[in-house]
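Undergrad: Here is a sequence with its predicted model. Questions after.
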Amino acid sequence: MLTDYHNHLERGTLTLDYLKQFTDTANEKGIQHFGISEHAYHFYQTADILRNSWVDERRYYDMADYVHLFEEAWRNEIDVKMSIEMDYTPGKHKEMEQFIKSYDFDYVIGSIHWIGDFGIDLAEYRKEWDRRDVYEVYRRYFDQVVTLAQSNLFDIIGHIDLVKIFKYVPEDESFLLEQYDRATTALTQSKTCVEISTAGLRKPTQTLYPDKRLLQMCFDKHIPIVLSSDAHVPEHVGADFDQALTLARQVGYEEIITFSKGERKSYPLG
């Protein structure tokens, strides 16, 4: 079984023709469970959750159109899961829960892209890294991983160590392992799975998410996994899944989780 649960239409259109480019690629690559998880900040309905100047300029979708697209796909017998990728926003648990419960998602991804007003993975903010203490950024980032897990709002945490995207990594390994340990301990007590994402291979880090040491902790603590490409264009669907599968097996995983309307099932990996 292969999944690709983290994909975006934002560089194209919310149309069946564009969606089909993604699902066709998934079919060609033997991916049996494929989903679209557009960024929640694009939708007018999330204006009460995440607000800043960068996000507000990019809020131009309506959830009614998004839901309609999936309904149209299902009528045309296109097998695609409906999801959303939410920016986990501290202090907005009630609003996030209300939004999630308002739609019949197959699963929901929670991700961390912001530490306060600092967009950690955005090119526009890259110079900000040189002005900040890397240890403090990591501590605050993994604080959010912990509370994301504790919220139990999400089925999957996206690119769990995205914070390494620009190769700013603490030199003190014990500090890093401490962050990994508290994150995985929190995830163990939640319903949230971890995705192995190949997106990092296409970013400056040029590594998979998560780091092998972090994924090993996930396996040791019985945290389930899914596979994702985080494709923003059709040709990236299922990209480099051979490397993701190798990493999964190296740390001991033999099973993968699938989702359908919130129901999860376990299948043999690959």
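TA: In hand now; what should we look at? Numbering: from 1, shown residues only.
Undergrad: For the closest residue to Asp240 other than its chain neighbours, give me the backbone phi and psi.
TA: Closest residue to Asp240 apart from its sequence neighbours, by Cβ to Cβ, 6 or more residues apart in numbering: Thr198 at 4.1 Å. Quick note: C-beta positions are derived from backbone N, CA and C, even for glycine. Dihedral pair for Thr198: phi -90, psi 0, per degrees, to the nearest 10.
Undergrad: wait, doesn't Thr198 sit right on Ala231?
TA: No - judged on Cβ atoms under 8 Å, Thr198 makes no contact with Ala231 at a distance of 9.0 Å.
Undergrad: so what sits against both of these two?
TA: Residues touching both Thr198 and Ala231 (Cβ atoms under 8 Å, 6 or more residues apart in numbering): Ala239.
Undergrad: Helices along the stretch 151-270 of the chain, start to end?
TA: For the stretch 151-270 of the chain, the helices defined by DSSP state H, counting those that start in this stretch cover 173-188, 212-220, 241-251.
Undergrad: Looking at these, spot the one closest to Tyr41.
TA: Proximity to Tyr41 (Cβ to Cβ) singles out helix 173-188 among the helices of the stretch 151-270 of the chain, at 23.1 Å.
Undergrad: Pull out the buried residues from that closest one.
TA: Neighbour-count burial for helix 173-188 flags 176, 179-180, 182-184, 186-187 (criterion: 16 or more other Cβ atoms under 10 Å).
Undergrad: between those residues, which is closest to Asp240?
TA: Nearest member of the buried residues of helix 173-188 to Asp240, counting by Cβ to Cβ, is Tyr180, at 22.6 Å.
Undergrad: What distance do you get for the closest one to Pro268?
TA: The gap separating Tyr180 from Pro268 is 27 Å, by Cβ to Cβ, to the nearest Å.
Undergrad: And Val226, by the same measure?
TA: Val226 is 14 Å from Pro268, by Cβ to Cβ.
Undergrad: so what sits against both of those two?
TA: Common contacts of Val226 and Pro268, defined by Cβ under 8 Å, 6+ apart, comprise Ile256.
Undergrad: Looking only at neighbour counts, state which of these two leads.
TA: Val226 (25 against 8; other Cβ atoms under 10 Å).
Undergrad: tell me the contacts of that one?
TA: Contacts of Val226 (Cβ under 8 Å, 6+ apart): 3, 5, 156, 193-196, 256-259.
Undergrad: How about Tyr66?
TA: 14, 38, 43, 82.
Undergrad: hang on, the second one is in a helix, isn't it?
TA: No - according to DSSP: H, G, I helix; E, B strand; the rest coil, the state of Glu38 is strand, so it is not within a helix.
Undergrad: Strands of the protein, residue ranges please.
TA: For the chain, the strands defined by DSSP state E occupy 3-4, 33-39, 81-87, 107-111, 114-115, 118-119, 156-157, 193-197, 225-228, 255-260, 263-268.
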